[in-house]
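**Student:** no sequence on hand, only this structure:
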């Protein structure tokens, strides 16, 4: 008998960050997925995708989600940073269902219990859950791509996790990478540049500010593609690039490092919300990547 009380997470950012009109939302997502020109690939086991309002990053995100072949995937792990709630740990959702305007995604309560039992996770109440947008902005895309497929989700809010704990969570979650029915959706924007973000790193040798931002982001993206969490940590220490999903990305890199499946990350799209030319300007960068199984280097 199922005694769990149903706790539904509403799509709290629908109607502001993206349209709450199901028909319009569905058409928008379909249009973006189509225009990315990407073919579905069963090798894609995860994505890194942005989480800004769809008018800013909806198009860019399609370059992550457009690759997904939903046919064999039954479970999606969502890793997103925490923007409002401070925790030095990772936190699990207490909801039983995540609603979107175009379909609902049930939570995998079995896996949530399994993770809870490790004693390493906090729980986020529904208020914290609904206030956070980093995972919600992936949900409509996932609901669209997995339309007609039975899939459950495991939302994990990644807090301000220390380097040691990033590695610990990576080891703990690595076994899920080895199950080919699992998929990983990692949420992150890239550089937040401008005085309103307290970040104005500018290397003049690249020319205009926006080119300097691009060079800095591309450096980070190249390091992420190597799959080395230590090099990524070093890069962040050196440049302090304001990548808001630095912790989810780091945990994901540690998961891949500790799994026995060979998975490579490749970035497919990079955009900026605007081109910064003076110190009064500001912008946010969006980068989309696919994580694919790679049999070529099975040595």
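**Tutor:** Ah, there it is. Just so you know, these numbers come straight off a predicted model, no measurement behind them.
**Student:** the helix or strand hosting residue 165: which residues count as buried?
**Tutor:** Following DSSP states H and E, one finds residue 165 within helix 163-177. Using 16 or more other C-beta atoms under 10 Å as the burial criterion, the residues of helix 163-177 that qualify are 165-170, 172-174, 176-177. The C-beta positions use only the backbone N, C-alpha and C, and glycine is treated the same way.
**Student:** out of those residues, the closest to residue 90 would be?
**Tutor:** Proximity to residue 90 was ranked across the buried residues of helix 163-177 by C-beta to C-beta; first place goes to residue 169, at 5.6 Å.
**Student:** quick one: strands adjacent to the helix or strand following the helix holding residue 165?
**Tutor:** Toward the C-terminus, helix 163-177 is succeeded by strand 182-187 as the next helix or strand (DSSP H and E). Within its sheet, and counting by DSSP bridges, strand 182-187 is paired with strand 44-49 (parallel), strand 75-81 (parallel).
**Student:** thinking again about what came up before, so the helix holding residue 165 versus strand 75-81, what angle?
**Tutor:** With axes from the mean of the first three to the mean of the last three C-alpha atoms, to 10 degrees as the criterion, the two stretches helix 163-177 and strand 75-81 enclose an angle of 160 degrees.
**Student:** hmm, back to that, identify whichever of the strands paired with strand 182-187 lies nearest to residue 245.
**Tutor:** Closest among the strands paired with strand 182-187, using C-beta to C-beta: strand 75-81, at 4.8 Å.
**Student:** mind listing the strands the very next helix or strand once past that closest one pairs with, and their directions?
**Tutor:** Helices and strands here follow DSSP H and E; after strand 75-81, the next one along the chain is strand 90-93. Here strand 90-93 is paired, per DSSP bridges, with strand 121-124 (parallel), strand 152-158 (antiparallel).
**Student:** pick the most buried one from these.
**Tutor:** Most buried of those by mean neighbour count (mean count of other C-beta atoms under 10 Å) is strand 152-158; its value is a mean of 25.
**Student:** per-residue confidence for the closest residue to residue 8 other than its chain neighbours?
**Tutor:** Leaving aside its sequence neighbours, residue 8 sits nearest to residue 97 (C-beta to C-beta, 6 or more residues apart in numbering; 4.9 Å). For residue 97, the model assigns a pLDDT of 95.
**Student:** name whatever forms a beta bridge with residue 97.
**Tutor:** Here residue 97 sits in beta bridges with residue 8, residue 106, going by DSSP bridges.
**Student:** that one touches residue 105, doesn't it?
**Tutor:** Yes: with the criterion set as C-beta atoms under 8 Å, residue 97 and residue 105 qualify as a contacting pair; they are 7.1 Å apart.
**Student:** who has more neighbours, those two?
**Tutor:** Comparing residue 97 with residue 105 by neighbour count (other C-beta atoms under 10 Å), the higher total belongs to residue 105, at 22 against 16.
**Student:** doesn't residue 98 make contact with the more buried one?
**Tutor:** Yes: counting by C-beta under 8 Å, residue 105 touches residue 98, with 4.6 Å between them.
**Student:** shared neighbours, the two?
**Tutor:** 139, 153 (C-beta atoms under 8 Å, 6 or more residues apart in numbering).
**Student:** residue ranges in this structure under the pLDDT threshold?
**Tutor:** Applying pLDDT under 70 to the chain flags residues 1-4, 295-299.
**Student:** checking the residue nearest to residue 243 when sequence neighbours are not counted next. Helix, strand or coil?
**Tutor:** Nearest in space to residue 243, with sequence neighbours left out and distances taken as C-beta to C-beta, 6+ apart, is residue 190 at 5.4 Å. Per DSSP: H, G, I helix; E, B strand; the rest coil, the local secondary structure of residue 190 is coil.
**Student:** burial count for residue 190?
**Tutor:** In terms of burial, residue 190 registers 28 neighbours under the definition other C-beta under 10 Å.
**Student:** hmm, it is touching residue 217, no?
**Tutor:** Yes: distance between residue 190 and residue 217: 4.8 Å, which falls inside the contact criterion (C-beta under 8 Å).
**Student:** list residues touching both of these two?
**Tutor:** What both residue 190 and residue 217 touch, as defined by C-beta under 8 Å, 6+ apart, is the set 241, 270, 285, 287.
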